[in-house]
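Novice: Pasting a predicted model and its sequence here:
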Amino acid sequence: MFEVSEAYLKWFIEYGLKEDVGSGDHTSNACIDPKSRSKAALIVKDHGLIAGVELAKMIFLEVDPKMSFETYFTDGKPVIYGDIAFEVTCNTRSLLMVERLILNTMQRMSGIASMSSRFAFEVNDLPVKILDTRKTTPLLRPLEKWAVKIGGCQNYRTGLYDWIMIKDNHIDAAGGISEAIVSVHQYLKDQKLNLGITIEVRNLVELQEVLEVGGVTRIMLDNFEIPLLKEAVETVDGRFETEASGGIHLQNVRKIAMTGVDYISTGAVTHSAGILDLSLKII
């Protein structure tokens with residue numbers, strides 16, 4: 001499993017249910033015997049990668065510790081229309097109570113995993129890593145980054161706290177590239193932090209300044225046209241890690257990868273992913 005904390009998962013399940021159930025599932029409470037137990041199947045209604053099976057199991061366990069769960073497709077497996085990802089037997093009221101939380105979450109995670117797998121496939125024979133970004137749904141970032149990993153791409157920063165990323169606004173506000181890098185190093189020293197440092201450059205002039213100053217882990221080449229990107233990678237010549245960013249999509253990611261960059265970061269793996277259509281049916 002991707003490293004999602006147990007505390008986060010407990011919080012997500014608790015508040016996901018509170019949001020939907022509120023004062024009670026009055027429809028089920030009105031029509032279903034409280035002792036009734038049912039078997040249901042998670043039916044796939046699309047083609048892609050399944051994700052969120054392990055999370056679904058956790059949610060069922062939360063509402064019915066006596067439930068039984070049989071997995072047919074684990075997270076990250078390709079599925080097609082008509083496949084059954086899992087079957088679950090549990091208290092009927094509990095089943096109906098968590099149905100929408102499970103479907104909404106799994107559909108989103110599976111959509112992201114499917115998109116991630118398409119990006120990974122485009123460059124699977126090249127020595128480049130596709131990274132996600134912070135362009136995630138607020139409060140759902142751990143689940144969405146988990147889905148990215150399931151699909152075959154990699155996670156970049158978890159948040160603002162685990163990696164230094166000096167972007168154009170930081171540079172402009174700090175007074176320039178040199179000033180920003182010097183300030184970052186002083187801050188890390190003062191705070192006794194050991195973090196990687198990425199700096200964004202917008203053109204070859206800024207790239208040259210970074211090369212002269214040094215002191216970074218990775219240079220992000222933002223919105224470079226492919227010929228300029230190739231020239232920039234050759235100019236860096238392995239002295240620092242290189243990353244392409246900006247305007248990355250499935251139609252151009254391979255051409256960008258072929259310039260020799262070490263990393264390609266794209267928000268598309270999360271913000272442009274749709275859903276994988278799923279249905280939970282009592283059988």
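Specialist: Cool, got the structure.

Novice: give me the number of residues near the closest residue to Y8 other than its chain neighbours?
Specialist: The spatial neighbour of Y8 that comes closest, neighbours along the chain excluded (C-beta to C-beta, 6 or more residues apart in numbering), is P142 at 5.3 Å. C-betas here are computed from N, CA, C, even on glycine. The number of residues packed near P142 is 18, by other C-beta atoms under 10 Å.

Novice: now do the one 5 residues further on
Specialist: A147 has 34 neighbouring residues, counting by other C-beta under 10 Å.

Novice: ok, it touching I112?
Specialist: Yes. Look at A147 against I112 with C-beta atoms under 8 Å: they come within range, at 3.8 Å.

Novice: joint contacts of the two?
Specialist: Jointly contacting A147 and I112 under the rule C-beta atoms under 8 Å, 6 or more residues apart in numbering are A51.

Novice: Pretty sure K18 sits in a helix.
Specialist: Yes. Per DSSP: H, G, I helix; E, B strand; the rest coil, K18 lies within a helix segment.

Novice: Please determine how far it is located from F12.
Specialist: 11 Å (C-beta to C-beta, to the nearest Å).

Novice: The two: which has the busier surroundings?
Specialist: Shown here are K18 and F12; by other C-beta under 10 Å, F12 has more neighbours (20 against 9).

Novice: packing partners for the helix or strand where that one lies?
Specialist: Using DSSP states H and E, F12 sits within helix 6-21. In terms of contacts (3 or more C-beta pairs under 8 Å, 6 or more residues apart in numbering; DSSP states H and E), helix 6-21 is packed against helix 53-63, helix 92-122, helix 141-151.

Novice: Buried residues, the helix or strand following the second one. List them.
Specialist: Read that as helix 92-122. Past helix 92-122, further along toward the C-terminus, the next helix or strand under DSSP H and E is strand 129-131. Residues K129, I130, L131 are the ones in strand 129-131 that count as buried (16 or more other C-beta atoms under 10 Å).

Novice: check which helix or strand covers A232.
Specialist: helix 226-236.

Novice: Only C-alpha atoms, please: export the next helix or strand after that helix in PDB.
Specialist: Using DSSP H and E, the helix or strand that follows helix 226-236 towards the C-terminus is strand 241-245. Presented in PDB, the C-alpha positions along strand 241-245 are these (Å, rounded to 0.1, in the frame of the first residue of the first chain):
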ATOM      1  CA  GLU A 241      18.500  16.700 -11.900                       C
ATOM      2  CA  THR A 242      16.300  18.100 -14.600                       C
ATOM      3  CA  GLU A 243      12.500  18.200 -14.600                       C
ATOM      4  CA  ALA A 244      10.100  19.300 -17.400                       C
ATOM      5  CA  SER A 245       6.800  20.900 -16.300                       C
END
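
Novice: Below-threshold pLDDT in the chain: ranges please.
Specialist: 1-2 (pLDDT under 70).

Novice: so who does the nearest residue to S178 once chain neighbours are set aside touch?
Specialist: Of all residues not flanking S178 in the chain, V213 sits nearest, at 5.1 Å (C-beta to C-beta, 6+ apart). Counting by C-beta under 8 Å, 6+ apart, V213 touches I177, S178, I181.

Novice: Likewise for T198?
Specialist: So T198 contacts W163, I164, M165, I166, V216, T217, R218, I219, M220, E243 (C-beta under 8 Å, 6+ apart).

Novice: from those residues, which would you call buried?
Specialist: I164, M165, I166, V216, R218, I219, M220, E243.

Novice: Tell me the one of the residues you listed nearest T158?
Specialist: Proximity of the buried ones among the contacts of T198 to T158 (C-beta to C-beta) peaks at M165, which lies at 12.1 Å.

Novice: how near is the nearest residue to that closest one once chain neighbours are set aside to I219?
Specialist: Counting by C-beta to C-beta, 6+ apart, T198 is the residue found nearest to M165 once chain neighbours are left out, at 4.7 Å. According to C-beta to C-beta, T198 stands 7 Å off from I219.
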